[in-house]
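>>> sequence first, then the predicted structure, then my questions.
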Amino acid sequence: MSKKTFEEVIEEKGELIYTNLGDSMYPLIKDRDLLVIKRPSFPLHRLDIPLYKRENGQYVLHRIIKIREHDYIICGDNRTNKEYGITEENVIGVLTHIIRNGRKISVYSLQKKLYAHLWSDVFLFRRGVLYLKRKLR
C-alpha cells in the first residue's frame, strides 16, 4: 500500500489532519498537537497559516506576515528569520484548527486572532524576546 502525500490527501478529502512535530509555531502550536489543514481558498490573508512546500520538498507551516504583489513573506511564530518568495503554487492548505487534549481550537477565534496580531505586528519586539529567551537557556 502506497503512502499518500499531503497534497493527495487534501485533494481527495478536502482536509488533512496530522501530528505536529517541531517548535517553529510555538506557543500557538505545541509539539504533538493535531493540526487540521483545509484546502486553500485564494487569495490568502495576512496572518493566515498556510502549509506550503519548499523547493527542496520540505513541508512547512508558518504564518503570513506580509502580502506582496506576487508572493507572501512568511515566518514561524517562534522564529525571527522571514521567508520570501512563497507563492500560491507552493501552498497546499491552510491551518484552521488545532486539536489539543481532545479539544478543537479554531485559529480564527478572537483569542487566537488577538495573539496573532500582537505577536506579528511587533516583529522587532518578538525578535528581541526570542533572542533573550535563547540567551537565557
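Received, thanks.

>>> phi, psi of Leu35?
phi -120, psi 130 (degrees, to the nearest 10).

>>> neighbours around it, how many?
21 (other CB atoms under 10 Å). In short, each C-beta sits where N, CA and C put it, glycine included.

>>> show me where the protein has its helices.
Applying DSSP state H to the chain gives helices spanning 6-13, 110-121, 123-136.

>>> okay, buried residues for the first one please.
Put plainly, it is helix 6-13. Residues of helix 6-13 classed as buried by neighbour count (16 or more other CB atoms under 10 Å): 9-10.

>>> could you check how far that helix is from the centre of its chain?
18 Å (CA atoms, centre = their mean, to the nearest Å).

>>> Leu44 against Val91, yeah?
Yes. With contacts counted by CB atoms under 8 Å, Leu44 reaches Val91, the gap being 6.8 Å.

>>> parallel or antiparallel, which strands does the longest strand seen in the chain pair with?
If you go by DSSP state E, the chain has its longest strand at strand 91-100. Sheet pairing here is set by DSSP bridges, and for strand 91-100 it gives strand 34-38 (antiparallel), strand 50-53 (antiparallel), strand 103-106 (antiparallel).
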